[in-house]
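*Asks:* show me the folded form of this:
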Amino acid sequence: MKLLKLVPDDTNIKFLKFRWPFFIVSLVLMIASWAMVYTQGLNYGVDFAGGQEVTATFTQSEEAPIPALRELVSGLGYGTPVVQEFGAPNQVSIRVRLPEGVEDQPGAASAIGDEVIATIVAEYPDVRRDSNNTVSGKVAGEFRQDAVFALLAAMVAVAIYIWIRFEWQFGAGALFALFHDVSLTLGLFSLFQWEFSLQIIAAILAIIGYSLNDTIVVYDRIRENLKKYRKMHLPDLLDLSVNETLARTVMTSLTLLVALLPLLFIGPESLFGLVIAITIGLFVGTYSSVYTAAPILVWLGVTSDSFVPQESVADKQERIARGEAG
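*Replies:* All right, here's what the predicted structure looks like:
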């Protein structure tokens, strides 16, 4: 049986022919994304904005009904709550966002926690309240700061790895591509005011991993071709490398997309932010591997000699002593 090929073997698309227009578009979108984040901000969830946290135990149950609790508490009008297992399987932590100004009124904040517990007890009489605490905006702000540092550390570590694995130009190109992917994802979350929670940080780290994987595959083929085709014009060599890895890129992206689409359209609402972030990252990561990570090597001065071992003075003297041409 003949195998299905989504990309022909003899593909010869001139990607680098339009490198300037696409690169300018990327820069404009990055600037617009950060302008959107700066002016409109992100719609922080309870993890990053603070709120009221209650913990409870289902004394007569082995496991807490987390999906049902999430739907029940959502009906109170405090946004999408964060409901997760807390310790044992029958213990839960429930966090809801506080209305504007309520955090400065301890009594009002505690009353919201009491309302959450009362709503749950009305549906599940075996529930025991364990705590009712306010998560301050200051603590949430420190949490946001730690999340940003984690993302930056991941991106820098990736750049250092590629620098050592290839050349410094490749590390700089990969770092720029990752920054491009994260910027556009944040810009879309700011534009549509989708809730930005701890799940989205996990999604962005997944985006970094996916984009890095695709970029390294392209870079590895570029390195092989630099050694093989020493006299080929660099843009032509980059086009060749991208075309040779295009089938793999398309198949990987489509496979992931097939898994994401059902979750995006018929999956639970609690997973929407995570899924939409990874879906966005899938498209921008594939785009950046072709139109950002590869073209930037031209402007950073990669040449056909980049991976040719340099002859030391001692090697040169020994070659001359053997009578070989200089």
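*Asks:* element containing residue 116?
*Replies:* helix 106-123 (DSSP states H and E).
*Asks:* and that helix, what other elements does it pack with?
*Replies:* Contacts defined by 3 or more C-beta pairs under 8 Å, 6 or more residues apart in numbering; DSSP states H and E place helix 106-123 against strand 51-58, helix 66-74, strand 88-96, strand 127-135. (C-beta placed from N, C-alpha, C; glycine too.)
*Asks:* with only the CA atoms kept, save the shortest one in CSV.
*Replies:* Only the C-alpha atoms of strand 51-58 are listed here, as CSV (Å, rounded to 0.1, in the frame of the first residue of the first chain):
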residue,chain,number,x,y,z
GLY,A,51,-8.3,35.9,46.0
GLN,A,52,-10.1,33.8,48.6
GLU,A,53,-9.0,30.2,49.2
VAL,A,54,-11.0,27.7,51.1
THR,A,55,-9.9,24.1,51.8
ALA,A,56,-12.4,21.3,52.6
THR,A,57,-12.6,17.6,53.1
PHE,A,58,-15.3,15.2,51.9
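*Asks:* report the distance from it to the chain centre.
*Replies:* Chain-centre distance of strand 51-58: 30 Å, with C-alpha atoms, centre = their mean, to the nearest Å.
*Asks:* re the thing from before, a markdown table for the helices and strands packed on helix 106-123, including mean neighbour count, mean pLDDT and distance to residue 301?
*Replies:* Formatted as a markdown table, these follow (neighbours: other C-beta atoms under 10 Å; pLDDT from 0 to 100; distance: least, C-beta to C-beta, whole Å):
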| stretch | mean neighbour count | mean pLDDT | distance to residue 301 |
| --- | --- | --- | --- |
| strand 51-58 | 23 | 87 | 51 |
| helix 66-74 | 17 | 89 | 53 |
| strand 88-96 | 20 | 87 | 51 |
| strand 127-135 | 17 | 84 | 50 |
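*Asks:* adding distance to residue 10, write the ones you listed out as JSON lines.
*Replies:* What follows is the helices and strands packed on helix 106-123, written out as JSON lines (distance: least, C-beta to C-beta, whole Å):
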{"stretch": "strand 51-58", "distance to residue 10": "57"}
{"stretch": "helix 66-74", "distance to residue 10": "50"}
{"stretch": "strand 88-96", "distance to residue 10": "55"}
{"stretch": "strand 127-135", "distance to residue 10": "58"}
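*Asks:* let me see the domain layout of this protein.
*Replies:* 15-41+140-306, 51-135 (the TED database).
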